[in-house]
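*Asks:* Give me a model of this one.
(chains A and B)
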Amino acid sequence: QVHLVQSGAEVKKPGASVKVSCKASGYIFITYYIHWVRQAPGQGLEWMGFIYPRDGSQTLAQKLQGRVTMTRDTSTNTVYMELNSLRSEDTAVYYCARERVAGSGRDFDSWGQGALVTVSS
Amino acid sequence: DIQMTQSPSSLSASIGDRVTITCRASQNVTTFLNWYRQKPGKAPDLLIYATSSLQSGDTSRFSGRGSGTDFTLTISNLQPEDLATYYCQQTYGTPRTFGQGTRVEIK
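*Replies:* Here you go, the predicted model:
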């Protein structure tokens, strides 16, 4: 059974960095993209980017380029998302999600439980 | 980027009703269209994939249709546990964009 387990809530000051982890189990880690999606309080879902654990390559949302880095550790089946230069508008729940590929589509079939990041002075 | 537009943004219906949510893509996404359900305080979960395939374990009261740019999610025989926000998502291109969500409330 596929599981994605994320790290806990964080409180950060403006200008700081945060690193959220997502530990995968129940499948072959390197063969599925992992995406990051965030949700500000009371708002919708915002796609942030993805990483391919096989080679570490990443594709990032244009508005976050330069501030976000996604990495992976294949020895622990864990993906990390680091966001720098935090602002109040980065306050959100951050989700990781696995992308499944089928013949007629791609979808996010498994999600982490979410990690609340609060940016406040 | 492919923009996804859902309507309505919210709806209120009675137990047993049939409700339909619409999602429109700004360009052709073929069948690369998914629907997610997000219950209050929970992570989203996959409901419908590839336009019309029901994710395993979900009730057949949910159905999806469409192709190209216009898609619908229908909930038949609305139940109290259907209280949630529903999002469409295209995975034809990158970024993998979501609609703004439709909140379903029970009268």
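*Asks:* dump the residue contacts of residue A:23.
*Replies:* Listed by CB atoms under 8 Å, 6 or more residues apart in numbering or on different chains, the contact set of residue A:23 reads A:4, A:5, A:6, A:76, A:77, A:78. C-beta coordinates here come from the backbone N, C-alpha and C atoms, glycine included.
*Asks:* Return the set of residues that bridge with the third one.
*Replies:* Taking DSSP bridges as the rule, residue A:6 bridges to residue A:22.
*Asks:* which residue sits closest to the residue in chain A positioned nearest to chain B in space, ignoring its chain neighbours?
*Replies:* Using CB to the nearest CB, residue A:105 is the residue of chain A that sits closest to chain B, at 3.5 Å. Using CB to CB, 6 or more residues apart in numbering or on different chains and skipping residues adjacent in sequence, the residue nearest residue A:105 is residue B:50, 3.5 Å away.
*Asks:* May I ask which helix or strand of chain B has the lowest mean pLDDT?
*Replies:* Across the helices and strands of chain B, mean pLDDT, DSSP states H and E gives its lowest value to strand B:53-54, namely a mean of 94.
*Asks:* so what does it touch, helix or strand wise?
*Replies:* In terms of contacts (3 or more CB pairs under 8 Å, 6 or more residues apart in numbering or on different chains; DSSP states H and E), strand B:53-54 is packed against strand B:62-67.
*Asks:* Show me what the helix or strand following the strand it packs on pairs with in its sheet, parallel or antiparallel.
*Replies:* Counting by DSSP states H and E, the element after strand B:62-67 in chain order, helix or strand, is strand B:70-75. Within its sheet, strand B:70-75 is paired with strand B:19-25 (antiparallel), strand B:62-67 (antiparallel), according to DSSP bridges.
*Asks:* Let me have the ones you listed in TSV, adding mean neighbour count and mean pLDDT as columns.
*Replies:* Formatted as TSV, the strands paired with strand B:70-75 follow (neighbours: other CB atoms under 10 Å in any protein chain shown; pLDDT from 0 to 100):
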stretch	mean neighbour count	mean pLDDT
strand B:19-25	20	98
strand B:62-67	17	96
